[in-house]
Structures are given as structure tokens and as C-alpha cells.
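K.L.:
Just to be clear, the model below is a prediction. Sequence and coordinates:
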Amino acid sequence: MNTQKNKSVAIIGGGLGGLALAVRLAKKGYAVTLCEKNDRPGGKMNYFEKNGFRFDTGPSLVTLLDVFRETFSELGSSLEDHIKPTRIDPLAHYVYADGTEFDYTSDLPKTISLIERLEPKDVEGFFKFMRLGAKLYNLSRSTFFVHSPYEFPPEIDIGVLKHFPIRYGWGNYAKTVEAHFRSPHLQQLYNRYPTYVGSSPYLTPATLIVIPFIEFAYGGWYFKGGLYTLIKALTQLAEQNGVTILTNTTVKEILHTNKKVRGLKLNDGTIITSNIVVMNGDAECINYLLRENTSSLDIKERSLSGIVFLVGISKTMPQLHHHSIYFSDSYEHEFEQLFKSFQFPDDPTVYVNVASRTDRSIVPNEGETLYIMANAPASDSIEWNAEQTERAWQAILRRLRRSNFPEFEPFILFREVFTPVDMKEKYLMPGGAIYGRNSHGWKNTFLRPPNKDLRYKGLYYVGGSSHPGGGTPMVLLSAKITSRLIEKYETS
């Protein structure tokens with residue numbers, strides 16, 4: 001029974017979290033208006049299309065598929081009614097500066113065989129590493145994945161979390177990896193995972209070991225037609241449930257009186273009256289919208305940005321993998337440049353996503369879609385002009401050539417680029433920081449902006465920059481948490 005017809009909700013941003021929350025609330029009877037700055041929903045989870053080539057421009061891999069299935073079920077639908085998930089195996093192809101290369105899979109016998117080839121003594125370390133990840137995951141499933149950090153039920157003693165009864169569970173991530181693996185290749189592989197939340201393995205807590213565990217245990221998935229099909233499905237459900245979606249609509253200000261929100265003011269002067277406001281943009285922009293402190297997030301607190309080249313080529317290359325990583329010569333030096341000197345690395349690690357190897361529907365007959373990305377600092381001091389962008393492209397090409405990536409330049413039909421400045425302007429992220437705050441240290445990892453504002457009544461948050469953090473399944477869980485909090489505190 002719908003009991004919330006007198007309750008209106010205005011959501012700032014039409015990203016994955018905003019859409020999922022909009023449907024949840026609409027199904028409960030709330031009148032929901034979603035304001036999206038750009039010309040279509042999706043936020044960072046978007047796409048680019050040219051000459052018959054289609055690229056996802058945000059996330060390129062999903063995991064914890066059951067979270068997606070559960071979300072659609074709770075929205076009165078079925079994931080498979082809208083989307084065709086395909087499991088990606090191998091998860092990725094890794095290429096190292098010394099010429100070593102191999103496939104990394106979620107198949108246990110194949111993984112053990114690989115580890116035995118690299119360093120037989122690391123087999124035991126692998127099992128210990130994954131057991132640690134499993135314990136962290138099981139703990140998270142009953143705490144951080146279901147409750148906002150300031151809304152833990154009394155039966156959960158959060159103080160216990162500071163004293164994990166697990167060796168290594170609370171230490172430094174990179175040091176914990178080193179304690180489990182002798183092989184430098186395996187160390188570099190597992191040190192990559194904190195970049196999934198835009199952070200350095202040398203500065204994050206070991207609790208992020210939950211990320212490689214989740215990917216290994218639950219696999220990596222792709223959606224036929226591109227991951228944007230998820231946004232299309234949620235948009236359809238939103239419209240079916242009466243959500244008003246306003247595109248090309250920029251919010252200028254959150255209106256409030258006596259610490260209680262009362263709606264939004266748009267750039268064109270339009271007022272949207274609302275009992276409840278939800279921020280689905282970067283949580284760090286909230287003070288600007290409240291007309292309070294307008295200072296930007298300190299660069300030391302920002303997560304990574306990235307520079308992305310979308311390259312359509314005319315030649316079909318079956319030797320390429322869906323996901324490939326071409327490691328730099330010194331990972332530690334690379335992260336020092338990214339997080340200490342805040343400069344684009346001289347020798348960047350390069351990620352190449354060729355989704356057309358799995359899905360031929362995204363290319364026009366022959367050819368491939370090359371999504372080529374390198375991490376970049378979320379720095380306001382780099383203009384990313386044509387010269388700086390070309391310098392980054394040449395550094396990427398040097399790494400690919402040294403790693404024996406097949407020649408593709410003669411077959412380039414087009415090359416589009418998205419720089420940190422483009423990300424900053426398009427998605428209003430400080431310096432282009434993809435995940436908002438980084439996960440360096442205990443506080444940034446576990447006390448991200450909460451789902452319910454601590455100062456303003458009626459103000460809430462959803463998405464990757466707020467709790468429980470980045471990654472598509474976490475964003476869907478964020479929508480579930482925020483929906484439950486709104487029901488709890490805003491019921492008339």
C-alpha cells in the first residue's frame with residue numbers, strides 16, 4: 001500500500017545510484033523528480049558511439065551479479081528480462097615490463113597452476129590471502145554493505161571492527177600482499193585492486209583485500225550491448241513507475257530553512273519544491289549547493305582520475321583479450337608520481353578494454369573497440385591541453401609497444417579522448433576524481449559521506465562517493481541503504 005503520496009523526493013543526478021533509488025522510492029509511493037545535468041541518464045556509467053562503434057565510458061566490468069539480480073527482484077522485475085550477463089574468462093590478461101605475461105582467471109585449478117609456475121611457495125599464501133578476503137567479505141555483508149556507518153544497529157559493536165581478530169586484516173594493503181606472496185608478479189597483480197576505488201595500494205588499509213576476493217569468488221561479468229544496458233533498464237523501470245526524469249537540467253542550489261531542506265533551485269530559476277533531497281552527484285559538492293563552504297576537496301584527499309582514449313580500428317584482432325593490463329616498470333614509482341608529485345606518470349600502467357572481443361554487436365562488422373586508459377592525478381594544476389594530452393598518449397604508446405601490443409595505429413579510424421578536465425566538467429567531480437575521496441587510511445575507507453546528512457533534515461546521499469563506496473554493486477547497495485533510511489526518518 002502506498003502511504004507516501006504527500007512525500008516528494010528530488011534527486012540531484014541521474015547516475016546508477018540515483019536511478020535505482022528513484023525506482024525504489026517510486027514503488028513505495030513517493031513522488032520522485034530526478035534532475036540530470038547531461039542529455040541522458042547514467043552519470044559516469046555512460047557510453048560513446050561513433051561510426052557504428054560503441055564504447056562504455058564508465059565501468060567496464062561488474063561483479064557480485066546477485067546484487068543486480070536482487071535489486072531487480074526488489075524493483076518488481078528480473079535482471080535477465082532486461083540484460084544478458086556474460087561471464088568474462090579470463091578476468092584479465094596481464095603483461096609485465098620484464099616480458100612475463102599470463103591470463104588471470106576465476107577458475108581455481110587454473111589459478112593454482114599459474115601460481116605454481118610463478119612461485120610454488122605462493123600457493124599456500126594464495127589460499128591464506130583469499131581466506132582473509134572471505135572473512136572480510138562476510139563481515140562486510142552484515143555491517144558496511146547493509147548499514148550506513150552512523151546507523152549501525154545496537155547489536156553490532158563497531159568498536160570490534162577496530163580490533164579485527166584476523167592477522168593482517170587491519171594493516172597496510174601492499175605490505176599484506178607482500179606477506180602472502182613472494183612472486184613480484186603476483187604482488188603487482190594484487191596491488192592493482194585498490195585502483196578499483198581510485199587509491200594507492202601503498203596507502204590503503206588491508207581491508208580492501210575484499211576486492212580481489214570478490215572478483216575471484218564471484219567472477220567478472222559483461223552485459224551484451226554494453227554496461228549502459230543497465231542504465232536503460234533502470235530508466236525504463238523509473239518511467240514505468242512514474243518517476244519524472246529531467247535531462248539537461250542543472251541544479252544551482254539546495255533550498256533550506258532552519259536546517260530543513262525544502263527543494264531545489266535550477267539554473268534557469270525554476271523551483272522544485274520537495275520534502276526530501278538526495279545528492280547523487282559527488283558528495284563533496286554538497287556545501288556548494290547548500291551555499292556554505294565553496295572550497296574544493298583537497299588534492300591529497302582525492303581519488304584517482306584517468307585519461308581515456310576511445311579508439312575505433314578497422315582491423316579485427318582476435319588475439320586481443322577483453323581486459324588486458326600492461327604494467328609499468330615500477331608500480332611504486334608510478335604511484336609516487338600520482339599521489340605525491342601529482343603528475344601523470346612517465347611510464348604509466350595501461351588498461352586496454354576490448355569489449356568487441358566478447359560482443360560483436362558493438363562494432364560494424366570488422367574492427368575492434370579499444371578503450372585505452374591510464375591513471376592520472378585529480379589535479380587542478382594540469383590543464384590537459386592538446387600538448388599535455390598528446391604527451392600522455394605517447395607515454396601510453398611507449399608502454400604498449402614495449403609490452404608487444406600488436407600494431408594498431410595504421411588501422412585507426414578515429415580517436416576520442418576524455419581527460420580529467422572533461423570528467424570534472426561533465427560530472428562535476430573535483431579534479432576529475434572518479435571516486436570522490438580516496439580510500440587512504442581507516443577513516444576515508446570506512447567513514448565515507450553517510451547516506452543521511454548529519455546536519456540537514458531531509459537531505460540524503462547515494463552513489464559511489466558516499467557509503468559504502470565505489471563500484472557498481474556498492475552503488476546499488478547504497479541505493480538500498482538510502483531508501484531504507486528515508487522510509488525510517490521521513491514517514492509521515
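P.N.:
Here it is on my side, so go on. Residues are numbered from 1 along each chain as shown.

K.L.:
okay, CA-based contacts and neighbour counts for the rest of this
P.N.:
Noted.

K.L.:
Okay, buried residues for stretch 94-102 please.
P.N.:
94-97 (16 or more other Cα atoms under 10 Å).

K.L.:
Residue 184 - how many residues pack around it?
P.N.:
Residue 184 has 11 neighbours, counted by other Cα atoms under 10 Å.

K.L.:
And the one 10 residues further on, by the same measure?
P.N.:
Counted with other Cα under 10 Å, the burial measure for residue 194 works out to 25 neighbours.

K.L.:
and it, how far is that from residue 258?
P.N.:
40 Å (Cα to Cα, to the nearest Å).

K.L.:
For whichever strand or helix holds residue 222, which outside residues touch it?
P.N.:
Assigned by DSSP states H and E, residue 222 falls within strand 220-223. For strand 220-223, the external contacting residues (Cα atoms under 8 Å, 6 or more residues apart in numbering) are 60-63, 65, 83-89, 91, 229-230.

K.L.:
quick check, distance from that strand to the centre of its chain.
P.N.:
14 Å (Cα atoms, centre = their mean, to the nearest Å).

K.L.:
Give the buried residues for the helix or strand following it.
P.N.:
Later in the chain than strand 220-223, the nearest helix or strand by DSSP H and E is helix 228-240. Using 16+ other Cα under 10 Å as the test for burial, helix 228-240 gives 228-235, 237-238.

K.L.:
can I get the CA coordinates of helix 228-240 in CSV?
P.N.:
In CSV, the C-alpha atoms belonging to helix 228-240 read as follows (Å, rounded to 0.1, in the frame of the first residue of the first chain):
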residue,chain,number,x,y,z
TYR,A,228,24.9,1.0,-20.3
THR,A,229,22.0,-1.5,-20.9
LEU,A,230,21.8,-1.5,-17.1
ILE,A,231,21.0,2.3,-17.1
LYS,A,232,18.5,1.8,-19.9
ALA,A,233,16.7,-0.9,-17.9
LEU,A,234,16.5,1.2,-14.8
THR,A,235,15.4,4.2,-16.8
GLN,A,236,12.6,2.1,-18.2
LEU,A,237,11.5,1.0,-14.8
ALA,A,238,11.7,4.5,-13.4
GLU,A,239,9.4,5.8,-16.2
GLN,A,240,7.0,2.9,-15.7
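
K.L.:
State the mean pLDDT of it.
P.N.:
What helix 228-240 shows for mean pLDDT is 98.

K.L.:
Could you do stretch 472-486 as well?
P.N.:
pLDDT averaged over stretch 472-486 gives 95.

K.L.:
which residues touch it?
P.N.:
Residues contacting stretch 472-486 (Cα under 8 Å, 6+ apart): 16-18, 20-21, 24-25, 59, 62-65, 67-68, 71, 145-148, 451-452, 460-464, 466-469.

K.L.:
Among those, name the buried ones.
P.N.:
Applying 16+ other Cα under 10 Å to these flags 16-18, 20-21, 24-25, 62-65, 68, 71, 145-148, 451-452, 460-464, 466-469 as buried.

K.L.:
Let's see which of these end up in strands.
P.N.:
Taking DSSP state E as the definition of strands, those contribute 460-461.

K.L.:
where do the strands sit along the stretch 51-200 of the chain?
P.N.:
Listed in chain order, the strands of the stretch 51-200 of the chain (DSSP state E, counting those that start in this stretch) span 53-56, 85-88, 92-95, 101-104.

K.L.:
Retrieve the pLDDT associated with residue 447.
P.N.:
Looking at residue 447, the pLDDT reads 72.

K.L.:
who's in contact with the nearest residue to it once chain neighbours are set aside?
P.N.:
Excluding the flanking residues, the one nearest residue 447 by Cα to Cα, 6 or more residues apart in numbering is residue 149, at 6.5 Å. The contact partners of residue 149, by Cα under 8 Å, 6+ apart, come to 446-447, 450, 467.
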